[in-house]
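Asks: okay, here's the prediction I keep looking at, along with the sequence it came from:
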Amino acid sequence: MKLITAIVKPYKLDDVKEALKAAGVVGITVTEVRGFGRQGGHTETYRGAEYKIDFLPKVKLEILADAPDVDRIVDVIAAAANTGKIGDGKIWITDVETVIRVRTGETGASAI
Amino acid sequence: MKLITAIVKPYKLDDVKEALKAAGVVGITVTEVRGFGRQGGHTETYRGAEYKIDFLPKVKLEILADAPDVDRIVDVIAAAANTGKIGDGKIWITDVETVIRVRTGETGASAI
Amino acid sequence: MKLITAIVKPYKLDDVKEALKAAGVVGITVTEVRGFGRQGGHTETYRGAEYKIDFLPKVKLEILADAPDVDRIVDVIAAAANTGKIGDGKIWITDVETVIRVRTGETGASAI
Amino acid sequence: MESGDLAWVLVSAALVLFMTPGLALFYGGMDRGRNVLNMLMMNFYCLLIVPVLWVIAGFSLAQTPFDNGFIGNFDSFFLKDITTAGDGGALATVAFLGMFAVITPALISGAVADRMKFSAWALFVPIWLFLVFVPVFKWVYGGWLFDRGSIDFAGGTAIHVNAGIAALAAVMVLGARKSDPSPPHSLPLVMIGTGILWFGWFGFNAGSALAANGQAAQAFMNTFLAAAAAGLAWLLVEWKRDGHPTTLGAASGVVAGLVAITPAAGYVSGPAPIVIGLVAGVVCCYAVRLKRKFGYDDALDVVGVHFVGGLVGSLLIGFFANPSFFDGEFDEGIFYGGGGKLLLEQVIANVAAIVWSFVITYLIMIVLKKTIGVRVSAEAESNGLDLSEHGETAYHSGS
Amino acid sequence: MESGDLAWVLVSAALVLFMTPGLALFYGGMDRGRNVLNMLMMNFYCLLIVPVLWVIAGFSLAQTPFDNGFIGNFDSFFLKDITTAGDGGALATVAFLGMFAVITPALISGAVADRMKFSAWALFVPIWLFLVFVPVFKWVYGGWLFDRGSIDFAGGTAIHVNAGIAALAAVMVLGARKSDPSPPHSLPLVMIGTGILWFGWFGFNAGSALAANGQAAQAFMNTFLAAAAAGLAWLLVEWKRDGHPTTLGAASGVVAGLVAITPAAGYVSGPAPIVIGLVAGVVCCYAVRLKRKFGYDDALDVVGVHFVGGLVGSLLIGFFANPSFFDGEFDEGIFYGGGGKLLLEQVIANVAAIVWSFVITYLIMIVLKKTIGVRVSAEAESNGLDLSEHGETAYHSGS
Amino acid sequence: MESGDLAWVLVSAALVLFMTPGLALFYGGMDRGRNVLNMLMMNFYCLLIVPVLWVIAGFSLAQTPFDNGFIGNFDSFFLKDITTAGDGGALATVAFLGMFAVITPALISGAVADRMKFSAWALFVPIWLFLVFVPVFKWVYGGWLFDRGSIDFAGGTAIHVNAGIAALAAVMVLGARKSDPSPPHSLPLVMIGTGILWFGWFGFNAGSALAANGQAAQAFMNTFLAAAAAGLAWLLVEWKRDGHPTTLGAASGVVAGLVAITPAAGYVSGPAPIVIGLVAGVVCCYAVRLKRKFGYDDALDVVGVHFVGGLVGSLLIGFFANPSFFDGEFDEGIFYGGGGKLLLEQVIANVAAIVWSFVITYLIMIVLKKTIGVRVSAEAESNGLDLSEHGETAYHSGS
Ligand SMILES: Nc1ncnc2c1ncn2[C@@H]1O[C@H](COP(=O)(O)OP(=O)(O)O)[C@@H](O)[C@H]1O
Ligand SMILES: Nc1ncnc2c1ncn2[C@@H]1O[C@H](COP(=O)(O)OP(=O)(O)O)[C@@H](O)[C@H]1O
Ligand SMILES: Nc1ncnc2c1ncn2[C@@H]1O[C@H](COP(=O)(O)OP(=O)(O)O)[C@@H](O)[C@H]1O
């Protein structure tokens, strides 16, 4: 069992979600985050004073997946989130020991 | 050392927190997230136009725990968060290499 | 490849960010979270009724890093976030299997 | 009506209209984020249904014929004999009073928050308007309570005591919320509402002189002072008792002071409004805690603020009424040598209003409960009424 | 002007000023969180540029000389002959009318939301003011349309139909937004805006009597009733049709009713405002769905609410106008024995306004498109106009 | 007072009351989310304490006896000789002026934001009211500065310059905030506040004619134009200088224009308000950056907007005052042939107010600092004053 974590641009969330649905992914957890990276931030000017905004709005997706599905899912996300511009985001994979579905108590792949 | 991550319904947060406290858990980090899953979303209608809301409000709990405590904690969460209805959420376990307490620099189990 | 997760006090975010930048870290993802821990919460009184607020505002930082850099980064965070007061937070390390940069498809250390 | 008087009544009517959105925000900010729209809607619904009912028959039943002491009839059905424009005074007065008819049931919404079916509320409001608001209004303004000698300048008995005790009856039938109350989801929203309420209340009280005259000016001054004094009193009690002067306390005190001065605004003068404000601030600050003692779940303290505050003001008239100041035709209060007569009449008037309002409201709620039901499902209550009752979410931050 | 009349006109002018921030919040709450500041700014910009232009030449071109039926001249350039303070009536009227000049282009902003360059908007507003608002205003108030016999009490044709059809022309040139519309980012903000709009609209309509008299009182009452009835109607249609009575529906209905009663407020009486409100509520509730049928992207339904609502009200005058009630000099509506003459004139007036406004607006937008461009880049549209156009973020929660 | 005049004064008083919540929101939106309640409370506190003090002795000391040029006495203690209702004019005026007494110290709160102990603020306000506001008010309105010939229609010197320079003195004692300033936590809140401020300011300025007359109408028009022109000027400067026209810039410009026209509103006419607005917009847009040069930490730019804006307006009177227009008894400005006499008096009046206000405020703050302390702890400052001072959290989204 793996956990796929992806940071993407907020306005790409809908596209990524639709792509994942189309790819058969049945569950996603989304968090609003702020990201700092190569993209740099931007400057906002209030009353003539500049404020350096280092963190830009991003969206984090977390998807539990069976190991064999991981590559496919990653490709789907990467394709849907890609704009070719800096700041498109990252995807990373971590290992998950168990998954439990709260409602039924099921564990393992069937709990995803 | 393990990290227990649980996605539960927002209005269950209080119950889960109390149950965890009662079970001796001393630390929890909570994030507001939005989840998409088998539960499906719902439709909101604004001025006669339907908006499909795929992501429902959920709450994510993260709990660092010593390996032997994990099963017990998972059970506590599962029991407290269960309503028997679809969308009750997931719990998953990942391995953690080290934990450091910022205040003291302690590491390992005593840092939890 | 490792993922460093740190929970710190919100008003320490700027200091930590600057310290990490100075230490050469090029990417951070930040989430607003609420934490429950030894620090305890506080009580708010509205119209004479007490509300126990167990969860305090915290900030979570996630940093993907190459294994050899991890200790240094952890030290930087711990130093910058430390106030010596209870509630300063935690840092933990988990293993990451792969990292992919969405824009380029690069993987591994160069994708960080 | 002179043009200056008409201008003042029209402005006052607009100000009172603005109070209902203000009240909605005041309540809505105190509520949880998943019920805020329902809270707003219970208030806005009053703005939609009551004006229409008021001109169809509400005003007529509440006023005409003027020589009936208990209930009007349909003589002014659809404003029949008062639509002649003329100088507009009559029409402006009907509109002005209509604003009071709107906000009175709206006050009750704060008590039943977080669990009442919107369909039940949608029926409750018109029924309550005709069975409770209209008769009590009639008795107090030109009816038997008035004839006996009780006075109520801008609606302490007819509005705040009336709505406040109705709120108690309503929650007794409705039952308590399933989950513990939670802290206000947006205090800035509460403060926007508070600002609007105070602003609008100048129309409510000073407009009730129905002319731009000395009584209006004094009512204005009294509204200014009582709100301030009550806010200050509440703040100081809290600071001492609970350790902090709170934003919500300041707001609550201001509203308590506004409620308390309402019946008295055009009848008292000098330092009286300050005293009334201070008393209301202290008393209401303690009264909002009674619900935990007696175990009824008045979500946003309609009883503690409106019922208690209104009663405080209405009874203090018995002490502070100063007819010589206003060339008024009412009795002197105790402090102006009038003896206890006025106070007694105030007691009688309030008891009458309380009994009627409590009993009828209770019965209305029971009937609704037995027929269409008054509570949302437990699941809807957990997930929030915004979604279950209105199919909407207040904040869509993720877009 | 008597002091009472002047007081009423000044208050009304202040109330109408307050409507533009109210409109900004009403629109801004409906918009997404990343475009809310741009929405607010399109409205506030009208508050900054229009007053200055109005006193320099706008008023003059829109009114003087009074015997010209098509367009004024520069006789009152910089309020030349009307600055004598005297009793202030003339000055107050110019200020009052200036508030209308502010809000009319602001109405259009709701349609072009989420994609229009702010620099293009900054040019559009003054050009549109002089080429569209000013002539149509002239024709309707003292010009050829007025001379023929059409009537428009507070701006159904001159303001709502005018801005509504201009909104359609503007979005036809501008094109649709790239991404799907999203639900309102803050309904509480929408409701604050709605409260302010209704409150301010009493100045808009009842102030248009330009005196505190019977007509003002009736216009006040009509504004109260039509808004309520329309809100109720919209709510009930939704409840039946879509399953839920929504907050946004109540707000939209109220605004639709306010729009519809605007042209009629000082000309109708009795149950007419309720009927007008009910019709407007039902019709607009369906009209806002037309955009999906016809495929134009009117983001916040300016066409469905202001164009359609204004037209409904303006045409219903043809049925309900009641001159005897107002000692008025206008024709009777059909229901008062006037035959179809007034209705015909109402049709002609609206057609004239629609044709002029649509064509000229379309041309202005085409010229802007060919010169400086009217749309932000696709990237700016994705990331939000707050950042691209104003370099700001609406909410900085993380601090 | 005629009923029309009284109606106007009462409405104006209500409008000015509404400004303090408006100011609270304007400031609160600019502040960080963890200090917003403290910001709101500093303002609301003025609404609670000042009215009571004003009627007890403030008004008396600020006005009676009318022939004393420096300070009043206790003759009107508790409004003694002016409570006779009569036509209400005197009472309405006292209430109207009381609103100014409320908002003047409230203005200062924006400077001391994010670090001042609420208990220190709670003492500062009443002390400052009696030691600074009251005497300066007396001098300017009927006292020695007035007698010499300076003029101040609605409070440029007495209110804005006074509060603005006091803000500077206060922050000099208080010291800078520990952490860097952060961007506004909610610009929509700022814009709600801006809308309310502009709306209320019509009462502030046009109400200061204390009658519904030609001067009121001109003051109204001037308030409309100066705010618009200043907002426009600020926006254009920013657009050119910083690259973007910002929402906060538009709001700030509007407020700067309102401040600048305040002293001049009833004394200037024609294009003068536009010129005053443009100058104020440009000057204040640069003045808010001075704090970084001089190193004082005026959190929300009270000095740059209120002190500088008030001074600009007050001095420009020396050029633009036009007594013939108002049948006024003041001197002509330079552009109307009056030579420099009026300008000189304006300078003297402002210097007097500045010196007194700065010195006394500085001393008050020093005394508070040495006794109860004026700053919250470093930890409280980091965690936010909402929690440390009020035990509350502004937004509880998680419920
Ligand atoms: N080392 C990192 N650790 C955690 N998150 C990162 C890291 N680097 C980047 N991110 C996240 O990915 C987002 C995009 O990264 P950035 O470097 O700006 O561009 P790119 O995706 O093109 O490499 C950042 O805003 C941040 O949220
Ligand atoms: N594969 C998944 N990966 C990540 N999160 C998931 C996944 N499946 C479900 N979730 C999370 O769990 C929540 C509940 O899941 P859902 O499928 O709706 O019902 P159930 O919990 O009954 O299985 C979702 O809203 C989502 O936040
Ligand atoms: N066991 C845990 N699991 C997850 N998060 C924790 C845990 N313990 C603490 N935290 C997080 O760290 C924060 C600080 O912890 P706390 O126990 O209050 O103080 P300290 O950091 O000094 O140990 C908490 O608010 C919470 O967010």
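Replies: Structure's in. What do you need? Ligands and ions are numbered 1, 2, ... in the order given.
Asks: how about the residues of chain A by ligand 2?
Replies: A:27-29, A:62-64, A:101-103, A:112 (CB under 6 Å from any ligand atom). C-betas here are computed from N, CA, C, even on glycine.
Asks: in three-state terms, label the closest residue to D:Ala154 other than its chain neighbours for me.
Replies: Closest residue to D:Ala154 apart from its sequence neighbours, by CB to CB, 6 or more residues apart in numbering or on different chains: D:Ser208 at 4.0 Å. Here D:Ser208 is recorded as helix under DSSP: H, G, I helix; E, B strand; the rest coil.
Asks: now do the same contact list for D:Ser208.
Replies: D:12, D:153-155, D:219, D:265-266 (CB atoms under 8 Å, 6 or more residues apart in numbering or on different chains).
Asks: for whichever residue of the stretch 101-250 of chain D sits closest to chain C, give me the pLDDT.
Replies: Residue nearest to chain C within the stretch 101-250 of chain D (CB to the nearest CB): D:Asp242, separated by 4.4 Å. Per-residue confidence (pLDDT) for D:Asp242: 96.
Asks: that one - how many residues pack around it?
Replies: Per other CB atoms under 10 Å in any protein chain shown, the neighbour tally for D:Asp242 reads 20.
Asks: excluding its backbone neighbours, what's nearest it?
Replies: D:Asp242's closest residue in space is C:Thr45 (CB to CB, 6+ apart), at 4.4 Å.
Asks: and for D:Ala120?
Replies: That would be D:Val374: by CB to CB, 6+ apart, it lies 4.4 Å from D:Ala120.
Asks: residue contacts, the one you found?
Replies: D:116-117, D:120, D:173-174, D:365, D:368.
Asks: cool, and D:Gly266?
Replies: D:153-154, D:205, D:208-209, D:215-216, D:218-219, D:222, D:326.
Asks: just say helix, strand or coil for it.
Replies: Assignment for D:Gly266 (three-state DSSP): coil.
Asks: ranges for the strands of chain A?
Replies: Along chain A, the stretches classed as strands by DSSP state E are A:2-8, A:28-36, A:42-46, A:49-53, A:56-65, A:90-95, A:98-101.
Asks: pull the distance from the lowest-mean-pLDDT helix or strand in chain D to the chain's centre.
Replies: The helix or strand of chain D with the poorest confidence is helix D:323-326; it has a mean of 88 (mean pLDDT, DSSP states H and E). A distance of 26 Å separates the centroid of the chain from that of helix D:323-326, by CA atoms, centre = their mean, to the nearest Å.
Asks: same check, this time on stretch D:173-190
Replies: 20 Å.
Asks: what's the answer for stretch D:227-245, then?
Replies: Per CA atoms, centre = their mean, the centroid offset for stretch D:227-245 relative to its chain is 22 Å.
Asks: give me the neighbour count for D:Glu379.
Replies: If you count neighbours by other CB under 10 Å, D:Glu379 ends up with 11.
Asks: quick one, which of the strands of chain A is nearest to F:Ile196?
Replies: F:Ile196 lies closest to strand A:42-46 among the strands of chain A, at 20.6 Å (CB to CB).
Asks: what angle separates that closest one from strand A:56-65?
Replies: 140 degrees (axes from the mean of the first three to the mean of the last three CA atoms, to 10 degrees).
Asks: neighbouring strands - and their directions - for strand A:42-46?
Replies: If you go by DSSP bridges, strand A:42-46 pairs up with strand A:49-53 (antiparallel).
Asks: give the contact list for whichever residue of chain A sits closest to chain E.
Replies: Chain A approaches chain E most closely through A:Tyr11 (4.4 Å), counting by CB to the nearest CB. Neighbour list for A:Tyr11: E:179, E:382-383 [criterion: CB under 8 Å, 6+ apart].
Asks: filter those down to the buried ones.
Replies: Neighbour-count burial (16 or more other CB atoms under 10 Å in any protein chain shown) is assigned, among the contacts of A:Tyr11, to E:179, E:382-383.
Asks: measure D:Gly304 to ligand 1 for me?
Replies: Per CB to the nearest ligand atom, to the nearest Å, D:Gly304 is found 48 Å from ligand 1.
Asks: pLDDT score for the residue nearest to D:Asp242?
Replies: For C:Thr45, pLDDT reads 95.
Asks: for the stretch 201-350 of chain D, what spans make up the helices?
Replies: With DSSP state H, counting those that start in this stretch as the criterion, the stretch 201-350 of chain D has helices at D:214-242, D:247-261, D:272-287, D:290-294, D:302, D:308-320, D:323-326, D:341-370.
Asks: right, and the helix or strand after the fourth one?
Replies: Meaning helix D:290-294. helix D:302 (DSSP states H and E).
Asks: identify the residues contacting that following helix?
Replies: Contacts for helix D:302 (CB under 8 Å, 6+ apart): D:107-108, D:110-111, D:163-164, D:167.
Asks: circling back to that earlier point, how about the least confident helix or strand of chain D: buried residues?
Replies: D:323, D:325-326.
Asks: contact partners for the one residue in chain A that gets nearest to ligand 2?
Replies: Ranked by CB to the nearest ligand atom, the top residue of chain A for proximity to ligand 2 is A:Gly27, at 1.9 Å. Each residue near A:Gly27 by CB under 8 Å, 6+ apart is listed here: A:63-64, A:112, B:35-38, B:90.
Asks: next one: D:Leu342
Replies: Going by CB under 8 Å, 6+ apart, the list of residues near D:Leu342 reads D:149-151, D:317-318, D:321, D:330-334.
Asks: nearest to F:Ala251, of those?
Replies: Nearest member of these to F:Ala251, counting by CB to CB, is D:Ile317, at 44.2 Å.
Asks: mind pulling up the pLDDT for the closest one?
Replies: Note on D:Ile317: pLDDT of 98.
Asks: tell me who's in contact with it.
Replies: D:151, D:156, D:263-264, D:267-268, D:333, D:342-343, D:346.
Asks: ok, the residue of the stretch 101-250 of chain D closest to chain C to F:Thr393 distance?
Replies: 15 Å (CB to CB, to the nearest Å).
Asks: before we move on, what about A:Asp15?
Replies: 36 Å.
Asks: and the two? Which one has more around it.
Replies: It is F:Thr393, of A:Asp15 and F:Thr393, that has more neighbours when counted by other CB under 10 Å, with 23 against 18.
Asks: that one in helix, strand or coil?
Replies: Per three-state DSSP, F:Thr393 ends up coil.
Asks: from memory it sits against F:Asp386, does it?
Replies: Yes - between F:Thr393 and F:Asp386 there is a contact under CB atoms under 8 Å: 6.1 Å.
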